[in-house]
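Visitor: Quick one, what's the 3D model for this:
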Amino acid sequence: MAQTGSFSSKVEQFFDCKKYNTNFKTEALAGITTFMTMAYILAVNPITLADAGMDAGGVFTATAISAIIATVIMALYAKYPFALAPGMGLNAFFAYTVVLKMGYSWQFALTCVLAEGIIFIILTFLNVREAIFNAIPQCIKYSVSAGIGLFITFIGMQGAGIIVKNDATLLSLGDMTTAPAVLALVGVIITVVLLKKNVKGALLVGILSTYVLGIVAELIGWYVPNPEMGVYSLLPSAPLVSLPPSLKEVTFKFAPFSEVFTNIDTILSFIIVTFTFLFVDLFDTLGTLMGVASKANYLDKEGKLPRIKQALFADAVGTTVGAMLGTSTVTTFVESSAGVADGGRTGLTSIVTAICFAIALIFSPIFLAIPAFATAPALIVVGIFMLDGITKVDFSDLTELLPAFLTMVMMPLAYSISEGLVFGSISYVLVKVFTGKRKEVHWMMYILAIVFAFKLVAPTLFNL
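Guide: Residues are numbered from 1 along each chain as shown. Next up, the predicted model:
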């Protein structure tokens, strides 16, 4: 007991727990809470990137290891109770826009993520990220998260068969008698009820509950596996505990130079995709840091976050390392607020979260057997959480509302986060200029609008 006490005392001293009126036990419980609220990424990310052709097992391992590395850097360097992992929305952009819609290889997308991470490291040391943040209008910042929320909700409903393709109307309601559709909706209700009752790890419990119900449905013959149709058995392969899946199919699998620089189209696409990763990750991270830091009373009198450079560095390194390992952009998770709400105030909380991710590595058969319809409730509910940003837009000012609306709505309708950013940015500059409010537009926005406009017309002008 004396040794344990000595160890915990040293840890508390290192993380300056007394300053924040916390202790080893409180921080440890907060770290577990944070993990429980964000562990769904271990199930969702492999499924999402597998749709792009990546090895699900390798992505699972890359997801966990990148989360561990980035979160440990956050804990030891920035000493904040913030956890990081491959982010929702950006993985959807990776798989469904860059690969499935634009037609590029997942290696090409991974190269864009690597480029983003390297640029982020440079921008962090040059203190440019804060300057970029200040240049983008608030209405677009708020609407980006809402647009991504709608997008991932749409993807979740597709994965469950709630929304399906229809030749006549493009989309329509799916067969609501099937097990995936019914169980996904049941999972949403379960998750929301748990959240309302403040149950720790409600998102993860919602996924697991839906998964268990799916297994029951398979055992009674309602859910029928058919591998040829992409419907697989829900029963995890034995053993349930095993070594992590190999990374060899996804690690350092970047696109060759010839693919990135084939022609003007690929070069332009590479720039646009990299910038989109950069843009969304930038505001997702900064927004999360500000929101969670505010709840933890970290912001100073001027509203600034001490050690923000260190926190942003953790995000930048996480993205770079994650790309090398074989996963999409790593970002700070808003679910970190759950740990903060549980009393977490120092990097010790993040250390515990990282340890939980390490433990999860040996339970890969369970996570990889979880189907898309079981993760759909988490996607839908997280989508709900991300909508609150749009309420901060000034609805009485059409020059603010139109760009925000286009940014938000074009993401799910065009099935592309980048198109939302393109339409929002261009419309913002145009409506401000033609209504005599050009002074409200930062000079950098003019450059972005020109680049985005060129992106829209280039395929036609150059017959790309």
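Visitor: contacts and neighbour counts: CA atoms only from here.
Guide: Fine.
Visitor: And the strands in the stretch 1-150 of the chain, which stretches?
Guide: 84-86 (DSSP state E, counting those that start in this stretch).
Visitor: could you point out the longest helix in the chain?
Guide: helix 264-295 (DSSP state H).
Visitor: now it: mean pLDDT?
Guide: The average pLDDT for helix 264-295 rounds to 77.
Visitor: quick one: it to chain centroid distance?
Guide: 11 Å (CA atoms, centre = their mean, to the nearest Å).
Visitor: The residue nearest to residue 205 when sequence neighbours are not counted: neighbour count?
Guide: Leaving aside its chain neighbours, residue 205 sits nearest to residue 191 (7.3 Å; criterion: CA to CA, 6 or more residues apart in numbering). Neighbour count for residue 191, taken as other CA atoms under 10 Å: 26.
Visitor: In three-state terms, label residue 191 for me.
Guide: Classification of residue 191 by DSSP: H, G, I helix; E, B strand; the rest coil places it in helix.
Visitor: Distance check, it against residue 213.
Guide: 14 Å (CA to CA, to the nearest Å).
Visitor: Residue 95 now?
Guide: To residue 213, residue 95 is 28 Å away according to CA to CA.
Visitor: Over to residue 150?
Guide: Taking CA to CA, one finds residue 150 at 26 Å from residue 213.
Visitor: ditto for residue 67
Guide: For residue 67, the distance to residue 213 - CA to CA - is 29 Å.
Visitor: I'd assumed residue 164 was in contact with residue 176.
Guide: No - using CA atoms under 8 Å, residue 176 is not in contact with residue 164; the gap is 11.0 Å.
Visitor: thinking again about what came up before, okay, the residue nearest to residue 205: pLDDT?
Guide: 90.
Visitor: quick one: contacts for it?
Guide: Residues near residue 191 by CA atoms under 8 Å, 6 or more residues apart in numbering: 202, 203, 205, 206, 377, 378, 381.
Visitor: If we use 6 Å, what do you get?
Guide: 202, 203, 206 (CA atoms under 6 Å, 6 or more residues apart in numbering).
Visitor: which stretches of the stretch 351-464 of the chain aren't confidently modelled?
Guide: 458-464 (pLDDT under 70).
Visitor: 90 - rerun?
Guide: 362-372, 374-394, 407, 411-422, 425, 439, 442-445, 447-464 (pLDDT under 90).
Visitor: which residues in it form helices?
Guide: Here the stretch 351-464 of the chain has its helices, by DSSP state H, counting those that start in this stretch, at 364-368, 372-385, 398-413, 417-434, 443-461.
Visitor: quick one, which of the ones you listed is nearest to residue 355?
Guide: helix 364-368 (15.4 Å; CA to CA).
Visitor: and residue 175, what does it touch?
Guide: Applying CA under 6 Å, 6+ apart, no residues contact residue 175.
Visitor: quick check, it in a strand?
Guide: No - under three-state DSSP, residue 175 sits outside any strand and is assigned coil.
Visitor: gap between it and residue 453?
Guide: 40 Å.
Visitor: now do residue 368
Guide: 41 Å.
Visitor: Would you point to the one among the helices of the stretch 351-464 of the chain that's packed deepest?
Guide: helix 372-385 (a mean of 25; mean count of other CA atoms under 10 Å).
Visitor: which other residues reach that helix?
Guide: Under CA under 6 Å, 6+ apart, the answer for helix 372-385 is 149-150, 152-153, 156, 159-160, 180, 184, 187-188, 203, 207, 210-211.
Visitor: go on, stretch 410-419?
Guide: 97, 147, 151, 276, 420.
Visitor: let's go with 8 Å and repeat that
Guide: Stretch 410-419 is touched from outside by 93, 96-97, 147-148, 150-151, 154, 272-273, 276, 407, 420, 423, with contacts defined as CA under 8 Å, 6+ apart.
Visitor: now stretch 156-166
Guide: Under CA under 8 Å, 6+ apart, the answer for stretch 156-166 is 154, 171-176, 180-181, 184, 372-377, 379-380.
Visitor: Ends of that stretch, what's the gap?
Guide: End-to-end distance (CA to CA), stretch 156-166: 17 Å.
Visitor: Neighbours of the nearest residue to residue 40 once chain neighbours are set aside, how many?
Guide: Of all residues not flanking residue 40 in the chain, residue 204 sits nearest, at 5.5 Å (CA to CA, 6+ apart). Residue 204 is flanked by 22 other residues according to other CA under 10 Å.
Visitor: Would you mark the buried spots in stretch 263-276?
Guide: If you call a residue buried by 16 or more other CA atoms under 10 Å, then stretch 263-276 has these buried ones: 265, 266, 268, 269, 270, 272, 273, 274, 275, 276.
Visitor: swap in stretch 136-153?
Guide: 136-137, 139-153.
Visitor: tell me how far it is from the chain's mean position?
Guide: From the chain centre to the centre of stretch 136-153 is a distance of 13 Å (CA atoms, centre = their mean).
Visitor: try stretch 379-395
Guide: The answer for stretch 379-395 is 15 Å, by CA atoms, centre = their mean.
Visitor: Stretch 332-344 too?
Guide: 16 Å.
Visitor: Flag every buried residue along that stretch.
Guide: In stretch 332-344, counting by 16+ other CA under 10 Å, buried: 332, 333, 334, 335, 336, 337, 338, 339, 340, 342, 343, 344.
Visitor: Let me know the closest of those residues to residue 398.
Guide: Distances from residue 398 to the buried residues of stretch 332-344, taken by CA to CA, are shortest for residue 334, at 29.5 Å.
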